[in-house]
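Asker: 3D, please:
(3 chains)
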Amino acid sequence: MKKILLATALLSSTATVASAETGITFSGYGRFGLEYVEGRAQETQIASRMRININGKTETDSGVTFGGRLRLQSTDGGAASTNAALFFAEYEGFRLEVGNANTAFDSAGLLYASEMGFQDSSAGDPQGSFFAYNSTGGVAPGVGIFASYSVGDFTGRISYATPDQTTAAAVNEEISLSVDYASGPFSVSLAAYQDGAGIANNDGFFVGAAYAINDQANVGLNYIDEDSAPGKVITLYGNYTFGATTVRAYVADMDAAGADTAFGLGADYDLGGARLSGSIQSDYAGDMNADLGVRFDF
Amino acid sequence: MKKILLATALLSSTATVASAETGITFSGYGRFGLEYVEGRAQETQIASRMRININGKTETDSGVTFGGRLRLQSTDGGAASTNAALFFAEYEGFRLEVGNANTAFDSAGLLYASEMGFQDSSAGDPQGSFFAYNSTGGVAPGVGIFASYSVGDFTGRISYATPDQTTAAAVNEEISLSVDYASGPFSVSLAAYQDGAGIANNDGFFVGAAYAINDQANVGLNYIDEDSAPGKVITLYGNYTFGATTVRAYVADMDAAGADTAFGLGADYDLGGARLSGSIQSDYAGDMNADLGVRFDF
Amino acid sequence: MKKILLATALLSSTATVASAETGITFSGYGRFGLEYVEGRAQETQIASRMRININGKTETDSGVTFGGRLRLQSTDGGAASTNAALFFAEYEGFRLEVGNANTAFDSAGLLYASEMGFQDSSAGDPQGSFFAYNSTGGVAPGVGIFASYSVGDFTGRISYATPDQTTAAAVNEEISLSVDYASGPFSVSLAAYQDGAGIANNDGFFVGAAYAINDQANVGLNYIDEDSAPGKVITLYGNYTFGATTVRAYVADMDAAGADTAFGLGADYDLGGARLSGSIQSDYAGDMNADLGVRFDF
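Answerer: Now for the predicted structure:
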């Protein structure tokens, strides 16, 4: 199972709006390369995505920043989609989002830390259903609210998302929380959701910890328990950088009958402004997938 | 009834293209807040809109500016829509628009002057059917032409819009006119349309006058007579500014059997770059609606 | 017949991404005017288009530029469409494109050289079916790859496009090639495609030559032989510039039973930043069409 957005979404799609001066600014990325997925009709295909964020913001006299974001995104040759607006207000370390908002669970700092390849994927990603910022469509008639507070190495988040705010009948609303904290080489991230994706009794919990061995090497351990996933997932991952190259690896175990141990090996090569990335991964069904391509931000 | 665009539209959606240098420029706004509408299933909902205008223009050696505009807009959690292009040529006080053009009636200076709240709404707005610039879709196979001329405090406008230019059969075409004039503290606005929204014998007339009592206070009176509205509407409105706060009020009377007197009370608080706005309004059916939110331009 | 894109497309839609610094840049054009087409229900209509290109790119430390392009386009009053992303890598004279890529045939330097009017049309354009960059939609599940190399006055191109990369079954893939070369006042362009638009045994060939008589006058001859066109086409064209005015003419002969000789007469008037262009053309069926309007780039 995949996480379900207010509409539909993509893994690691957490949207953060970079600080910039008043006005309209643009950001985004492009990526393209080869993707191999064992067992599909045409196993090797060209995969690609281009994402353009349109950010509008203004800062009031008292220092509060109000802003909004729209996204245009074309994936794998599809005509670019638009999404619903995310609105935010920021003041010092505090941030409030409304509309197509991020969710606290999806924003947890280490949740997607085992991802690799030019498409940033991992079997260690959450497998259950929960709301997240929607990159490719609307959230209507749903709506989300998100608040975060950062001070020093601490960030706390809380979010609320309803799949339908137009009905007076009771609908299940998702509440989620997350906390990130770092102290020297250690970082830790905790997150939980209740009634994920608006599904009754679909709760999820995540705890992750990472340790920077030195400037070059990092290891981490993630634990995810979701009612809507086939089983609990424990992921051990690490990366090591030498020169322009970073190698990545993970092993993920899912506590479900018949599930194979998933693993991945990947490497990034820093081109200075872009990266060449590839990975070979094996999923819980024992199927292989691999990717090799270029990712560049602009 | 609402006014009908060449496709569909939103009140007070008149689009004006700001003067800027040659090239592509962007403008827009965001707004979000709470909206209460008496009698709907979930009476209080979060309402929002983000609008991005994409403006392309070039100035010729002889001083004529040619340009175009496209709009991306996301409302209430819907994926952002695109609209049809508006093309224009400007020379000194003269402006010509083609395509998804504004209409003279919809552009009348005082027509929407009684609006309030972060969503800029009023029961004193026109209630009939007429064409206007379409913020959220196409006008095909229709088309509009609009011309305006401004000199000093005078602006005159004329527009023509056909709902279907691809058929040789006679279709009803809307013609509209408007004139704005100001002299010292007085301003006056007149507008009329014939076969509004392409509907035979659907004519409308508007006259409005406003008076600036001093730097802080304004009052105005609007009269709208439309064949496609339930009755003639007279609206008295005013606003008063003290410091960062502007209070607004209107009373609107519709000459239709059983119509209640509509009224509204609103306030804006200038945040310097954004405004906090709220209103409480009662419509012709006696139903209350209210809004409170933030509006910021960028 | 028209050329068929991976989805659908427009003549002379070849997309080239201008060199610029790292980041996101915008380009595009607007055009509007009158279009007369003999025999349709309403023969004279207002025609228009606004095109916005969104270009994102980054240059690596080693001098390779990676980039992508999305397009927003509104034609004749339709809501603006989005298209699929074109990705590219450039290094010195070499360029690689992936995704919604250009094709070698469609990019041949002189292929559309007989076009005229504010809508840039000509009966001398190719009449067969082949893939091209898609301005207005996706290419999914198809994909294209394009490579070009330029040195001095020479440019060579090769492209591959498959209409469906998700099936393991054999589908016909289009391969195309083109070469442009110039020497003093002479330029020549050759192009060919195999299985154009993915249609088996649909091959096409083009050769064109142009000669600049002096700074003011150019003449050219195009020959196009396409299996999916009603017949071979030979087009003789020329233009002459005096002051701000350029006059254009062509005669096109199609080797098909009952085909009339097509011809066109056009003129551009340079407004300095925009052009006023008009043409009168007669097609292979002997029907007249004409256009008069403004085109401005931004």
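Asker: contacts, neighbours, all on C-alpha from now
Answerer: Will do.
Asker: mind listing what A:Val37 touches?
Answerer: A:43-44, A:287-290 (CA atoms under 8 Å, 6 or more residues apart in numbering or on different chains).
Asker: and if we set it to 7 Å?
Answerer: Applying CA atoms under 7 Å, 6 or more residues apart in numbering or on different chains to A:Val37 gives the contacts A:43-44, A:288-290.
Asker: can you name the two of the residues you listed that are farthest apart?
Answerer: Greatest spatial distance in the contacts of A:Val37: A:Thr44 and A:Met288, 11.6 Å, computed using CA to CA.
Asker: Name the helix or strand for A:Ser189, please.
Answerer: Taking DSSP states H and E as the definition, one finds A:Ser189 inside strand A:186-194.
Asker: if you average pLDDT over that strand, what comes out?
Answerer: For strand A:186-194, mean pLDDT rounds to 98.
Asker: With stretch A:244-256 instead?
Answerer: Per-region confidence: stretch A:244-256 scores 98 on mean pLDDT.
Asker: buried ones in that stretch?
Answerer: Neighbour counts over stretch A:244-256 (16 or more other CA atoms under 10 Å in any protein chain shown) mark A:245-255 as buried.
Asker: For A:Gly196, give me the backbone phi and psi.
Answerer: With angles defined as degrees, to the nearest 10, A:Gly196 sits at phi -50, psi 140.
Asker: Distance of the nearest residue to it once chain neighbours are set aside relative to chain B?
Answerer: Nearest non-adjacent residue to A:Gly196, counting by CA to CA, 6 or more residues apart in numbering or on different chains: A:Phe130, 4.3 Å away. Distance, A:Phe130 to chain B, by CA to the nearest CA, to the nearest Å: 18 Å.
Asker: And for A:Thr246?
Answerer: According to CA to the nearest CA, A:Thr246 and chain B sit 38 Å apart.
Asker: Which neighbouring elements make contact with whichever strand or helix holds A:Val219?
Answerer: Per DSSP H and E, A:Val219 falls inside strand A:217-226. Using 3 or more CA pairs under 7 Å, 6 or more residues apart in numbering or on different chains; DSSP states H and E as the contact criterion, the elements in contact with strand A:217-226 are strand A:204-212, strand A:232-242.
Asker: Neighbouring strands of it in the sheet, and parallel or not?
Answerer: Paired strands of strand A:217-226, with direction, are strand A:204-212 (antiparallel), strand A:232-242 (antiparallel) (DSSP bridges).
Asker: Tell me which residues are up against that strand.
Answerer: The contact list for strand A:217-226 (CA under 7 Å, 6+ apart) reads A:126, A:128, A:203-212, A:232-241.
Asker: Mind doing that once more with 6 Å?
Answerer: A:128, A:203-212, A:232-240 (CA atoms under 6 Å, 6 or more residues apart in numbering or on different chains).
Asker: Excluding chain neighbours, what is closest to A:Phe87?
Answerer: A:Gly68 (4.3 Å).
Asker: Repeat that for A:Leu265.
Answerer: If the residues on either side of it in the chain are set aside, A:Leu265 comes closest to A:Ala249, at 4.5 Å by CA to CA, 6+ apart.
Asker: Work out for me the element the one you found sits within.
Answerer: strand A:245-255.
Asker: which residues touch whichever helix or strand comes after that strand?
Answerer: Sequence-wise, the next helix or strand downstream of strand A:245-255 (DSSP H and E) is strand A:262-270. Applying CA under 6 Å, 6+ apart, the set of residues contacting strand A:262-270 from outside is A:116, A:244-252, A:275-284.
Asker: switch to 8 Å and redo it
Answerer: So strand A:262-270 is contacted by A:116-117, A:122-123, A:244-253, A:275-284, A:286 (CA under 8 Å, 6+ apart).
Asker: For A:Gly196, give me its contacts.
Answerer: A:Gly196 is in contact with A:129-131, A:173-175, A:202-204, counting by CA under 8 Å, 6+ apart.
Asker: Check which helix or strand A:Arg71 maps to.
Answerer: Per DSSP H and E: strand A:65-75 holds A:Arg71.
Asker: Which elements pack onto that strand?
Answerer: Applying 3 or more CA pairs under 8 Å, 6 or more residues apart in numbering or on different chains; DSSP states H and E, we find strand A:65-75 packed against strand A:44-59, strand A:81-82, strand A:86-91.
Asker: would you turn the ones you listed into CSV with mean neighbour count, distance to A:Phe105 and mean pLDDT?
Answerer: CSV is the format used below for the helices and strands packed on strand A:65-75 (neighbours: other CA atoms under 10 Å in any protein chain shown; distance: least, CA to CA, whole Å; pLDDT from 0 to 100):
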stretch, mean neighbour count, distance to A:Phe105, mean pLDDT
strand A:44-59, 24, 22, 97
strand A:81-82, 24, 24, 98
strand A:86-91, 22, 17, 98
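Asker: can you redo those as CSV with distance to C:Gly264?
Answerer: Below are these laid out as CSV (distance: least, CA to CA, whole Å):
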stretch, distance to C:Gly264
strand A:44-59, 41
strand A:81-82, 40
strand A:86-91, 51
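Asker: close enough to count as contact, A:Ala147 and A:Tyr91?
Answerer: No: assessed by CA atoms under 8 Å, A:Ala147 is found out of contact with A:Tyr91, at 11.5 Å.
Asker: coming back round to it: narrow the contacts of strand A:217-226 to those that are buried.
Answerer: A:128, A:203-212, A:232-240.
Asker: Spit out the contact partners of the nearest residue to A:Asn172 once chain neighbours are set aside.
Answerer: Take A:Asn172 and drop its neighbours on the chain: the residue closest to it by CA to CA, 6+ apart is A:Gly198, 4.7 Å away. Residues counted as contacts of A:Gly198 (CA under 8 Å, 6+ apart) are A:130, A:161-163, A:171-174.
Asker: Show me which residues of chain A sit near chain B.
Answerer: Residues of chain A found near chain B (CA under 8 Å from any CA of the partner chain) are A:22-24, A:56-62, A:66-70, A:82-85, A:87, A:98-100, A:136-143, A:165-168.
Asker: on that earlier part again, pull up the overlap in contacts between A:Thr44 and A:Met288.
Answerer: Shared contacts of A:Thr44 and A:Met288, counting by CA under 8 Å, 6+ apart, come down to A:36-37.
Asker: quick one: furthest residue from the center of chain A?
Answerer: Distance from the C-alpha centroid of chain A peaks at A:Asp61, with 33.5 Å (CA atoms, centre = their mean).
Asker: sorry, back to before: I'd like to know which of the contacts of A:Val37 are buried.
Answerer: A:44, A:288-290.
Asker: now those as JSON lines including secondary structure and distance to B:Tyr181?
Answerer: Formatted as JSON lines, these follow (DSSP: H, G, I helix; E, B strand; the rest coil; distance: CA to CA, whole Å):
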{"residue": "A:Thr44", "secondary structure": "strand", "distance to B:Tyr181": "68"}
{"residue": "A:Met288", "secondary structure": "strand", "distance to B:Tyr181": "73"}
{"residue": "A:Asn289", "secondary structure": "strand", "distance to B:Tyr181": "70"}
{"residue": "A:Ala290", "secondary structure": "strand", "distance to B:Tyr181": "69"}
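Asker: So which of those reach chain C?
Answerer: Filtering the buried ones among the contacts of A:Val37 for proximity to chain C (criterion: CA under 8 Å from any CA) leaves nothing.
Asker: quick check, nearest of those to chain C?
Answerer: A:Thr44 (8.6 Å; CA to the nearest CA).
Asker: isn't that closest one right up against A:Asn289?
Answerer: No: using CA under 8 Å, A:Thr44 is not in contact with A:Asn289; the gap is 9.4 Å.
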